[in-house]
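In: have a look; sequence and predicted model below, questions after that.
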Amino acid sequence: MLNLSLDSSSVLSLFWTASPWLLLSWILYTVLMAVYNLHFHPLAKFPGPKMAAASEWWLAYVEVIKQESLSKKLWELHEQYGDVVRFGPNQLHFSKPAAYNEIYNVKNRWDRDMKLYHIFADEVPTLTIPDYARAKKRRDLTTFLFSRKNIVNMQHLVQQCLDTVCGNIDKHIKEGKPVSIFKAFRCAAADVICTMCFARSMNATSEPGFNAQVVTAIHAAFPVIMVFKHFPLLQTLSRMVPPLLLSSLRPELNGLMKMRKMLTDQVKEVKAHPEILKESQQVTIYHELLKDPKNIPSDTSLRDEAVLYVTAGMDTSSDTLTLATINVLSRPDVHARLMHELVEAWPHLEDAPPRYEQLEKLPYLTAVLKESLRLSHGVVQPMTRVVPREGAYISGHFIPGGSIVGMSSIFVHWNEEIFTDARAFKPERWLDPGADLDPWLVAFSKGPRSCLGVNLGWCELYMSIAAIFRRYELKLNGIGPSDLVWRDVYLPLHIGPDLTVIAKRRTV
Ligand code: HEM
């Protein structure tokens, strides 16, 4: 009988003999694919850099080697090539704001493109389920948890987290230290999400100096996921590394592992003792996702859903709040007008803070928040969608089925025809009755895959600004709006200095 077993030295020698052929075949394949992509691909007629059209490697070079922001690079490309740009063999980007509504709208049931979305997890949590039908099923399960009604009822939990933030700010004041408003809002958002969704806090808001591990870890993880976007094999390999080894190789990721462990333990506890859920006063994601006994998600699925909520909700709302604080403090006229409104709504500091429903009726605070959402953008990377088989018209062009299309929110938010002096912070623009700007605020995106946590997001924004501005006199600590510098890593990752303020308790 033929002996097929090979020892390790013969496998190695076979590999060395075959490797020049493997390399040659790969080069030949790449060249042939480039020729096909440039001349015969259904998107061949669309303009854009030739290297981008030829191969996926162009985008990997821009995002991983040069560490450039894709959305900002696309801005330059549109100036050169016009309103449609081919920025990958099968990818198109659009610049006219109307195209945003043509891609992301309630009628479109377009799939997400997994080349981008696999970075957040395997196909398990809501954000990474590619097809609309399955994603809808998963989203529908949590409709109640994120409904406006539930958020309004549970707002005392948001207030509790904000009170802990204030307690920590008071400690900074006592010790004569500036407050990192950047970290404070991130800690607040992390605790709000965990308290609301899992009925358990990570106590990030109590950490000295707001130096919570979860904040450092998520900040450190985003540039890594840009590498995973282009080299998915590395992501698979990284999952095989034992947590202990990973934490010694990348100690800054400790917080992420701690959070995963906390949520894994919680999932196990809830599954082993479902009676905990019956006794709980509060609806959590576990109540919602374990509702249907015939469709119980796996432990990993539950854990990944929980991790998704923290990563989806932490940086987005805290970026908006940080941007709001720095811009309001750098414009004395805006600051004075906002304070006037807040003092009227909350005249005596010793009284309980106004409720969310009352705050959302304040026109100037609302204008400040809309302007802050506009300039913080939400997600900046083009959120890629797959055009259905029959094709679609976008920006007046017929786009063949199977093409991947997307549009970064910066192309709407920085559009000068909609927002005059678009890069400037001008809350007044939202108060102009003739302007009708609301349809162009796309920070939460649009359509069936838009933000699931939108009600919680708004609630946090209103209550945080009211609590921090009404309770403290704040001054910028040597920083200003020009220090709000970001790199596009799907979200806008802050790469400027720490953003600190000097705080003093208000007495009246
Ligand atoms: C200012 C605050 C927020 C902004 C600007 C924001 C923005 C967004 C955007 C633009 C998307 C679409 C992403 C895409 O298609 O790639 C999204 C999705 C999502 N957001 Fe938010 N978000 C915010 C707060 C939150 C909060 C507090 C949560 C709660 C935990 C949350 C949970 C989610 C989830 C679960 C998804 C995925 C939805 C799906 O795939 O169907 N977000 N968010």
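Out: Perfect, thanks for sending it.

In: for the residue nearest to Leu253 when sequence neighbours are not counted, what are its contacts?
Out: Sequence neighbours aside, Ala217 is the residue nearest to Leu253 in space, at 5.2 Å (criterion: Cβ to Cβ, 6 or more residues apart in numbering). (C-beta placed from N, C-alpha, C; glycine too.) By Cβ atoms under 8 Å, 6 or more residues apart in numbering, Ala217 lies in contact with Glu252, Leu253, Asn254, Gly255, Leu256, Met257, Lys258, Met259.

In: taking these one by one, which sit in helices?
Out: Asn254, Gly255, Leu256, Met257, Lys258, Met259 (DSSP state H).

In: nearest to Gly82, of those residues?
Out: Leu256 (41.2 Å; Cβ to Cβ).

In: my guess is Glu207 contacts Cys187. True?
Out: Yes. Counting by Cβ atoms under 8 Å, Glu207 does reach Cys187; the two are 6.6 Å apart.

In: how near is whatever residue of the chain ends up closest to the ligand to Leu263?
Out: Nearest residue of the chain to the ligand: Gly453, at 2.1 Å (Cβ to the nearest ligand atom). Between Gly453 and Leu263 the distance is 17 Å, computed by Cβ to Cβ, to the nearest Å.

In: between these two, which is the more surrounded one?
Out: Neighbour count, other Cβ atoms under 10 Å: between Gly453 and Leu263, Leu263 has more, with 25 against 22.

In: and what about that one, helix, strand or coil?
Out: Here Leu263 is recorded as helix under DSSP: H, G, I helix; E, B strand; the rest coil.

In: show the pLDDT at it.
Out: pLDDT, Leu263: 80.

In: hang on, isn't it packed against Arg303?
Out: Yes. Using Cβ under 8 Å, Leu263 is in contact with Arg303, at 5.1 Å.

In: anything in contact with each of these two?
Out: What both Leu263 and Arg303 touch, as defined by Cβ under 8 Å, 6+ apart, is an empty set.

In: overlap between the ones in helices among the contacts of Ala217 and the residues near the ligand?
Out: Among those, no residue lies close to the ligand (Cβ under 6 Å from any ligand atom).

In: closest to Pro363 among these?
Out: Met259 (37.9 Å).

In: just give the number of residues close to that closest one.
Out: 23.

In: which residues in the stretch 1-150 of the chain form helices?
Out: 8-39, 50-54, 57-60, 70-81, 97-103, 114-117, 132-141, 148-153 (DSSP state H, counting those that start in this stretch).

In: and Val368, which of the ones you listed is closest to it?
Out: Minimum separation from Val368 across these (Cβ to Cβ) falls at helix 148-153, 20.3 Å.

In: with mean neighbour count as extra columns, can I get the helices of the stretch 1-150 of the chain in TSV?
Out: Formatted as TSV, these follow (neighbours: other Cβ atoms under 10 Å):
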stretch	mean neighbour count
helix 8-39	11
helix 50-54	18
helix 57-60	18
helix 70-81	18
helix 97-103	20
helix 114-117	18
helix 132-141	15
helix 148-153	15
